[in-house]
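A.B. asks: Quick one: sequence plus predicted model below, questions after.
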Amino acid sequence: MSINDRNLISKDSFYHEKQRKQLCLLHSLNNLFQEEKFNKHDLDKICEELDQSTWLNPHRSWLGLGDYDANVLMAVLDKEGYTCTWFDSRMSASSIDHNNVFGYIFNVPSESFFPFMKKRHWFCVIRTENNYFYNLDSKLSSPSKISNFEQFTDRLLAQGNTLILIKFPNINE
């Protein structure tokens, strides 16, 4: 879905997958593209391409519930022609050139059933043509409009979280 198509979408008509298991990266990707573009099998296959180990693969949960790492995100988007750029958290979000960005993927801490296990959660933010930003976190009951993207992002980055900018494919290549 292009940014122009996103302009026609109302908050209630966003494609928005809800959290299942530890599949937040899968949900983030599908929410980013505004369709069920990928499934668990697709991401598991990428994990196996990155590391031949199918049982204890370092790019996903050994329980087979998801919990995919950044390498999987980057490999999936690379296959689609998109570029992932880690945003320097020392910079203000006001320095982002939004014209080159297809979407925003955040990685934040997440509660775990086991206190000794540190978990992370992926979620995406998309921008409409009218420069409205929406949080499509799979843990939210519905998409949430972000009133000030720069403040939202700077606050998350100040807490030690990560932002990955998903850049549009280069059409000239």
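C.D. replies: Cool, got the structure. Numbering: from 1, shown residues only.
A.B. asks: what stretches of this structure score poorly on pLDDT?
C.D. replies: Scanning the chain with the threshold set as pLDDT under 70 gives 1-12, 50, 53-66, 111-118, 171-173.
A.B. asks: Next, count neighbours for Ile146.
C.D. replies: Using other CB atoms under 10 Å, Ile146 has 17 neighbouring residues. Every C-beta, even on glycine, is put in place using the N, C-alpha and C of the backbone.
A.B. asks: any idea how far Asp88 is from the closest residue to it other than its chain neighbours?
C.D. replies: Distances taken as CB to CB, 6 or more residues apart in numbering place Phe133 nearest to Ile146, at 4.2 Å, with adjacent residues excluded. Taking CB to CB, to the nearest Å as the measure, Phe133 and Asp88 are separated by 20 Å.
A.B. asks: next one: Trp122
C.D. replies: According to CB to CB, Trp122 stands 19 Å off from Asp88.
A.B. asks: Looking at these two, which has the bigger crowd around it?
C.D. replies: Neighbour totals were compared for Trp122 and Asp88, and Trp122 leads with 29 against 10 (other CB under 10 Å).
A.B. asks: Next, give phi and psi for that one.
C.D. replies: Main-chain dihedrals, Trp122, degrees, to the nearest 10: phi -100, psi 140.
A.B. asks: That one touches Val76, doesn't it?
C.D. replies: No - here Trp122 lies out of contact with Val76, judged by CB atoms under 8 Å, at a distance of 11.7 Å.
A.B. asks: Wait, a helix at Phe123?
C.D. replies: No - looking at Phe123 with DSSP: H, G, I helix; E, B strand; the rest coil, it is strand, so not inside a helix.
A.B. asks: Skip the chain neighbours and tell me the closest residue to it.
C.D. replies: Spatially, and ignoring its direct neighbours in sequence, Phe123 is nearest to Asp137 (3.7 Å; CB to CB, 6+ apart).
A.B. asks: Could I get the contacting residues of that neighbour?
C.D. replies: Taking CB atoms under 8 Å, 6 or more residues apart in numbering, we find Asp137 in contact with 121, 123-124, 144.
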